[in-house]
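1. how does the following fold in three dimensions:
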Amino acid sequence: MREAIQQALTELAASFKDRRVHVFDISISKIDEKKLSLSGHLLDEAHLAFLRQSIADRFPTLRLDTTAISVLRHPENLHLRVATPLTGLYNTPSFLNPLVSELVYGTELEVLEEYERWVFTRQTDGYLGWAYAPYLSAAPQPAATHLVLLPSCALYSEPDAQSEIISRLVSGAALHLEQTTAEFAHIQAHKNGWMSLSALAALSELPKSVAERRSAVGPLARRMMGVPYLWGGCTGNGIDCSGFSRLVHRWLGLEIPRDADMQHAVAKPIAHSFEPGDLLFFSEREDGGRGITHVGISLGGWKIIHSSRSNNGVAIDDVQKNQFLRSIFVSAGTFIA
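-> The predicted structure follows:
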């Protein structure tokens with residue numbers, strides 16, 4: 001009986017194997033002829049209901065006890081926002097682990113679990129990870145009005161580029177603009193100060209139509225040219241391929257998934273007549289599989305701008321003239337059309 005139940009749990013867990021967006025850690029605590037006790041963690045009540053129904057269908061004679069299962073999402077969960085210019089997201093609560101992603105100022109996080117000075121969090125798109133609690137805050141933040149459009153931008157004490165630099169903010173951060181001069185804007189963020197107006201775009205004025213977005217994608221993406229490659233990076237301090245495509249889409253007024261395979265899964269498939277802003281997906285898997293591992297943004301046709309290890313950062317390539325890229329190309333899709 002135990003072996004059959006364990007096999008059933010393994011099969012159920014396979015439905016939630018993507019740990020970037022799911023938590024399904026369930027084990028057998030106790031079992032006898034009449035009762036099965038399970039323990040562990042699940043993300044939400046819907047998953048608990050799925051577990052209960054699945055076990056009842058497979059083992060109808062067993063009484064199921066799930067009181068030792070912790071459900072992480074609740075309506076009363078604490079919501080925090082990133083209160084520093086930038087912080088990392090990790091698979092486990094330690095700075096010693098590889099970077100999974102990055103969180104810019106203002107990013108909203110739902111707290112699912114706490115461990116010492118760390119919190120296990122869920123972003124509004126469902127992406128999970130551990131963040132360092134001292135860099136987060138429950139204090140209200142002013143409503144965002146503008147996005148930072150440069151890899152990074154200095155925050156000055158006065159509306160003068162010769163005044164003291166009090167901090168820096170990075171690409172994609174959403175800020176509240178209070179007032180402007182001819183060249184500077186006074187903004188509220190983790191610190192209040194002055195920033196060059198040319199570094200900002202009003203959220204209300206981001207491209208909205210397909211034509212506007214396709215026209216804007218090239219100039220916006222080129223703002224990141226030369227930014228170094230960083231696995232898990234999302235900003236001008238260093239960026240990976242999917243972080244780059246996600247950032248550019250944010251500048252276009254679109255929110256897309258974090259990772260390349262996630263983007264591929266939900267993008268609208270397109271044929272080989274690529275327009276600016278379409279995404280080209282690639283696979284570099286050594287096992288010969290076609291799982292998506294890389295993404296680039298078309299500038300029109302096969303010319304792409306992307307953040308790659310081979311270029312050590314954001315650069316432009318022609319897929320048809322690059323033998324390696326041509327050999328690993330899989331398909332294309334778009335979020336713009």
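2. low-confidence ranges in this structure?
-> 286-290 (pLDDT under 70).
3. the same query, at a cut-off of 90, please.
-> Across the chain, the ranges flagged by pLDDT under 90 are 1, 32-33, 271-273, 284-290, 337.
4. what segments of it are helices?
-> In the chain, the segments counted as helices under DSSP state H are 2-14, 45-58, 210-222, 241-251, 260-266, 323-328.
5. any chance you could map the strands in the stretch 101-250 of the chain?
-> Using DSSP state E, counting those that start in this stretch, the strands of the stretch 101-250 of the chain run over 108-115, 118-123, 128-132, 136-137, 146-148, 152-156, 165-170, 174-180, 184-188, 192-196, 200-202, 234-235, 238-239.
6. in a markdown table: the ones you listed, plus mean neighbour count and distance to Ser37.
-> C-beta coordinates here come from the backbone N, C-alpha and C atoms, glycine included. Formatted as a markdown table, the strands of the stretch 101-250 of the chain follow (neighbours: other C-beta atoms under 10 Å; distance: least, C-beta to C-beta, whole Å):
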| stretch | mean neighbour count | distance to Ser37 |
| --- | --- | --- |
| strand 108-115 | 17 | 22 |
| strand 118-123 | 21 | 25 |
| strand 128-132 | 22 | 26 |
| strand 136-137 | 18 | 36 |
| strand 146-148 | 23 | 50 |
| strand 152-156 | 20 | 52 |
| strand 165-170 | 18 | 48 |
| strand 174-180 | 16 | 46 |
| strand 184-188 | 20 | 51 |
| strand 192-196 | 20 | 54 |
| strand 200-202 | 17 | 55 |
| strand 234-235 | 26 | 42 |
| strand 238-239 | 24 | 47 |
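7. circling back: out of the helices of the chain, which is closest to Leu86?
-> For these, proximity to Leu86 was assessed by C-beta to C-beta; helix 241-251 is nearest, at 12.1 Å.
8. which residues touch the residue lying closest to His47 once chain neighbours are set aside?
-> In space, and not counting its chain neighbours, His47 is closest to Phe24: 6.5 Å by C-beta to C-beta, 6 or more residues apart in numbering. With contacts defined as C-beta atoms under 8 Å, 6 or more residues apart in numbering, the neighbours of Phe24 are Leu12, Ala13, Ser15, Phe16, Lys17, His41, Leu42, Leu43, His47.
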